[in-house]
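Enquirer: Sequence and computational prediction follow.
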Amino acid sequence: MVRNSTSLTNVYPIRVSSDPNQQSGVVESRQFWLRRKERMFISAQLLCIFILVSMFYTGAASAQEPSPTHQPDTSINLDVVVTPKSGPPVSGLQQQDFTVLDNKVPQTILSFQALREREAPIEVVLVVDDVNTGFANVAYERSEIDKFLRTDGGQLAYPMTLAVLTDDGIKVQDEFSRDGNELSAGLDKYSLGLHSIRRSGGIYSAAERLQISLKALFELATREAARPGRKIILWISPGWPILSGPGVQEQMSANQEQEIFNHVVKLSTLLREDQITLYSIDPLGSADFGGRAFRWEAFTKGISKPNQAEWGDLALQVVSTQSGGLALTSGNDITSFIKQCLADMQAYYEISFAPPLDQKRDEYHHLEVHVAKPGLTARTRQGYYSQP
């Protein structure tokens with residue numbers, strides 16, 4: 001069946017009168033039906049997103065459940081980067097220089113290790129997000145990535161692989177390599193910029209892009225969780241739609257809020273337990289339209305209850321910040337931003353502590369790490385959800 005392009009006046013016929021009062025009523029009636037149609041569509045799209053993301057994560061979570069004979073590590077393990085106001089990460093600190101606070105309560109440090117660059121296994125996944133990047137920016141993004149990969153003759157500091165997110169989902173290269181020239185040649189094989197889902201498509205395309213992006217993030221994190229060592233995900237993207245605000249929030253039921261909360265808990269736990277740090281780089285930088293690049297900042301504080309949950313709590317920049325990574329949105333020098341993110345691996349500290357014994361499942365704990373030296377700031381995961 002061929003669907004014709006129809007307006008609401010075709011769906012809800014209204015006879016127009018010459019009476020100004022009646023004309024005003026016609027306008028109000030059309031606005032009413034427009035608002036109603038949008039609300040109905042948002043509700044339907046939200047339901048689809050819940051179902052699709054939930055179905056995917058059920059399978060992903062099952063694959064990650066430990067066997068009955070395996071006893072998971074119950075300690076909280078943190079990768080901590082210490083930086084001055086400007087300059088590279090600081091090395092040479094000792095355990096006594098650190099204080100770890102769990103919900104403002106000082107904790108006893110169980111283990112401490114200072115690491116530099118290649119002293120521990122580190123792998124990097126660089127994600128090219130074609131779904132959420134406009135067509136006009138794809139060529140520039142690829143040229144910047146190519147410039148980075150070919151720096152220093154293509155000799156990369158850490159094993160890296162490429163992942164490309166398109167309308168069909170995320171595709172990850174099988175092997176990690178230190179050969180940037182080889183990775184660059186691999187990127188050239190992908191056809192990017194040909195979208196069936198448009199960034200300018202309003203709520204229709206926004207809901208689709210959110211669904212594709214969240215599914216891809218869970219899929220990639222689950223894939224990397226099976227690998228040893230520390231994993232760094234560099235996601236080059238302006239981010240997926242937040243889909244938060246009065247028009248969406250008022251349509252969500254308590255069950256839907258619970259589902260979002262469950263996704264936040266599962267993603268946070270997956271990244272923490274498997275030593276994955278997410279970094280996001282906005283290729284549009286300060287040119288990102290409508291101030292959208294900074295709307296995510298309203299969601300950076302961790303949520304502790306389902307009735308606080310919104311889709312914005314799963315925004316790319318929010319997850320990056322909460323995982324201990326960076327959300328870089330102030331410019332579009334992608335090459336420099338990638339180097340800035342990877343500089344965090346030049347010197348960092350692995351610190352662990354035992355969580356409180358009286359925890360409740362999925363209870364949120366806010367984390368802080370303080371350094372007893374002036375002018376230094378410690379950055380790590382902003383919190384965790386207890387899994388007793």
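Expert: Arrived safely, thanks for sending. Residues are numbered from 1 along each chain as shown.
Enquirer: partners of the helix or strand encompassing residue 165, with directions?
Expert: Using DSSP states H and E, residue 165 falls within strand 155-166. Its sheet considered, strand 155-166 pairs with strand 122-129 (parallel), strand 169-172 (antiparallel), strand 177-179 (antiparallel) by DSSP bridges.
Enquirer: Quick check: which ranges of the stretch 101-250 of the chain have low pLDDT?
Expert: Along the stretch 101-250 of the chain, segments meeting pLDDT under 70 span 191-204, 245-249.
Enquirer: Show the residue spans covered by the helices in it.
Expert: 135-149, 180-187, 202-225, 246-249 (DSSP state H, counting those that start in this stretch).
Enquirer: circling back to that earlier point, list the contacts of the strand holding residue 165.
Expert: The contact list for strand 155-166, computed with CB atoms under 8 Å, 6 or more residues apart in numbering, reads 117-118, 122-132, 149, 170-180, 183, 186-187, 190, 192, 212-213, 216, 220, 232, 237, 342, 345. In this view, the C-beta of every residue, glycine as well, is placed from N, C-alpha and C.
Enquirer: Weed out the non-buried ones from those.
Expert: Buried members of the contacts of strand 155-166, scored by 16 or more other CB atoms under 10 Å, are 122-132, 149, 170, 172-173, 176-177, 179-180, 183, 186-187, 192, 212-213, 216, 220, 232, 237, 342, 345.
Enquirer: which one of the helices of the stretch 101-250 of the chain lies closest to residue 112?
Expert: helix 202-225 (24.3 Å; CB to CB).
Enquirer: Kindly export the closest one (C-alpha atoms) in PDB.
Expert: What follows is helix 202-225, C-alpha atoms only, in PDB (Å, rounded to 0.1, in the frame of the first residue of the first chain):
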ATOM      1  CA  GLY A 202      12.900  15.400  14.000                       C
ATOM      2  CA  ILE A 203      11.500  13.000  16.600                       C
ATOM      3  CA  TYR A 204      11.200  10.200  14.100                       C
ATOM      4  CA  SER A 205      14.900   9.900  13.300                       C
ATOM      5  CA  ALA A 206      15.900  10.900  16.800                       C
ATOM      6  CA  ALA A 207      14.200   7.900  18.300                       C
ATOM      7  CA  GLU A 208      15.800   5.600  15.700                       C
ATOM      8  CA  ARG A 209      19.300   7.000  16.200                       C
ATOM      9  CA  LEU A 210      18.900   6.600  20.000                       C
ATOM     10  CA  GLN A 211      17.900   3.000  19.700                       C
ATOM     11  CA  ILE A 212      20.800   2.200  17.200                       C
ATOM     12  CA  SER A 213      23.300   4.000  19.300                       C
ATOM     13  CA  LEU A 214      22.500   2.500  22.700                       C
ATOM     14  CA  LYS A 215      22.300  -1.000  21.200                       C
ATOM     15  CA  ALA A 216      25.800  -0.400  19.700                       C
ATOM     16  CA  LEU A 217      27.200   0.900  23.000                       C
ATOM     17  CA  PHE A 218      26.000  -2.200  24.900                       C
ATOM     18  CA  GLU A 219      27.200  -4.500  22.100                       C
ATOM     19  CA  LEU A 220      30.700  -2.900  22.000                       C
ATOM     20  CA  ALA A 221      31.100  -2.800  25.700                       C
ATOM     21  CA  THR A 222      30.100  -6.500  26.000                       C
ATOM     22  CA  ARG A 223      32.500  -7.400  23.300                       C
ATOM     23  CA  GLU A 224      35.400  -5.600  25.000                       C
ATOM     24  CA  ALA A 225      34.500  -7.000  28.400                       C
END
